[in-house]
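Enquirer: sequence plus the predicted model coming up.
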Amino acid sequence: MEKKKVIDTFQRVEDKYRLTPDQAEEFLKRIRSHVEQDVFFRYTVHSIYYDTENCDLAVNGLEHPEYKFKLRVRGYNTVHGTDTVFLETKKKYGNIVYKKRFPLTADAAIDYLEYGIPHSDTSNTAQEIDYRMKQGNLQAKTVITYDRECWSAAAESDVRITFDRNIRYRLDDLSDFNDRGSERSLNAGWVMLEVKAMDRYPVWLVQVLSEMKLYRTSFSKYSSIYRDNFAAMSVTGRPLIHEIENNYSKETKLCSLQY
């Protein structure tokens, strides 16, 4: 099998849907004739998220601004020191998500992020991350891990559908990507379905979402963790956080969207 090229820049729409395990099984059954297993089909995602001392990036996400920004380092499956990880930014403006990243070994990434030891990458993305790290005095806040299953549309090259299960996190040992046994569950057993598309939803996907009455929801793994742990994750916490939580948890009553 030809090795799939690793893409370092993304610009696309990413919509999320919260499903029960039974709904996820039924959804996959209904779309199965239109999708095929992605080259990277099943894998575990490990991400370390960085933020200011008071988690301003997380709070900003909870307040639903037009523009959002996140910075993280991400590895896949079991991560050893010489394995490749990706330092990446994720920006969302309106409905469009922009991602940029560059690779380092896990050891080099942690040396840079935790101890300020320079690395050799001089790309624009590396320079932007360096600026953001220094400007905000960003520090590791949480490790987020989940098991992902990825499908690609058979006839539409720009459509990918992922299922995230067993979402878990921890607030300690923040220089280790792998599970340590102290992780806590996030999202209480729900399956997070995500549709990623460059253009518009294909008709078959709109039909299935509508038939199953599945609604887009606003959900950020990192901001949700902050919502539940703000006293432990920041120096001051933010007032009215529970009011923000109530607003944040409201689902958008649309089955799907044509772009």
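Expert: Structure's in. What do you need? Numbers count the residues shown, from 1 in each chain.
Enquirer: where does pLDDT dip in the stretch 151-259 of the chain?
Expert: 237-259 (pLDDT under 70).
Enquirer: what segments of it are helices?
Expert: 203-211, 221-233, 241-248 (DSSP state H, counting those that start in this stretch).
Enquirer: the strands in this protein, which residues?
Expert: Counting by DSSP state E, the chain has strands at residues 9-19, 35-51, 67-76, 84-93, 96-105, 139-153, 160-170, 184-185, 191-197.
Enquirer: out of those, which comes closest to Leu209?
Expert: strand 9-19 (7.5 Å; C-beta to C-beta). Where C-beta positions appear, they are placed from N, C-alpha and C, glycine not excepted.
Enquirer: helices or strands up against the closest one?
Expert: Identification of packing neighbours for strand 9-19 by 3 or more C-beta pairs under 8 Å, 6 or more residues apart in numbering; DSSP states H and E yields strand 96-105, strand 191-197.
Enquirer: got the contact list for it?
Expert: For strand 9-19, the external contacting residues (C-beta atoms under 8 Å, 6 or more residues apart in numbering) are 27, 95-101, 158, 187, 190-198, 209, 214-219, 251, 256-257, 259.
Enquirer: now it against strand 160-170, angle please.
Expert: In terms of direction (axes from the mean of the first three to the mean of the last three C-alpha atoms, to 10 degrees), strand 9-19 departs from strand 160-170 by 80 degrees.
Enquirer: would you mind writing the CA trace of strand 9-19 as PDB?
Expert: What follows is strand 9-19, C-alpha atoms only, in PDB (Å, rounded to 0.1, in the frame of the first residue of the first chain):
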ATOM      1  CA  THR A   9      -1.600  22.600   6.600                       C
ATOM      2  CA  PHE A  10      -5.400  22.300   6.800                       C
ATOM      3  CA  GLN A  11      -8.200  24.600   6.000                       C
ATOM      4  CA  ARG A  12     -11.700  23.100   6.300                       C
ATOM      5  CA  VAL A  13     -15.000  22.900   8.100                       C
ATOM      6  CA  GLU A  14     -15.200  20.600  11.100                       C
ATOM      7  CA  ASP A  15     -18.600  19.900  12.600                       C
ATOM      8  CA  LYS A  16     -19.200  17.800  15.700                       C
ATOM      9  CA  TYR A  17     -22.100  15.600  16.800                       C
ATOM     10  CA  ARG A  18     -22.500  13.900  20.200                       C
ATOM     11  CA  LEU A  19     -23.700  10.300  19.800                       C
END
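Enquirer: and it, what's buried?
Expert: Arg12, Val13, Glu14, Asp15, Lys16, Tyr17, Arg18, Leu19 (16 or more other C-beta atoms under 10 Å).
Enquirer: export the helices of the stretch 151-259 of the chain to TSV and tack on distance to Ile48?
Expert: Listed next are the helices of the stretch 151-259 of the chain as TSV, based on distance: least, C-beta to C-beta, whole Å:
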stretch	distance to Ile48
helix 203-211	32
helix 221-233	10
helix 241-248	23
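Enquirer: and these, which is most packed in?
Expert: helix 221-233 (a mean of 20; mean count of other C-beta atoms under 10 Å).
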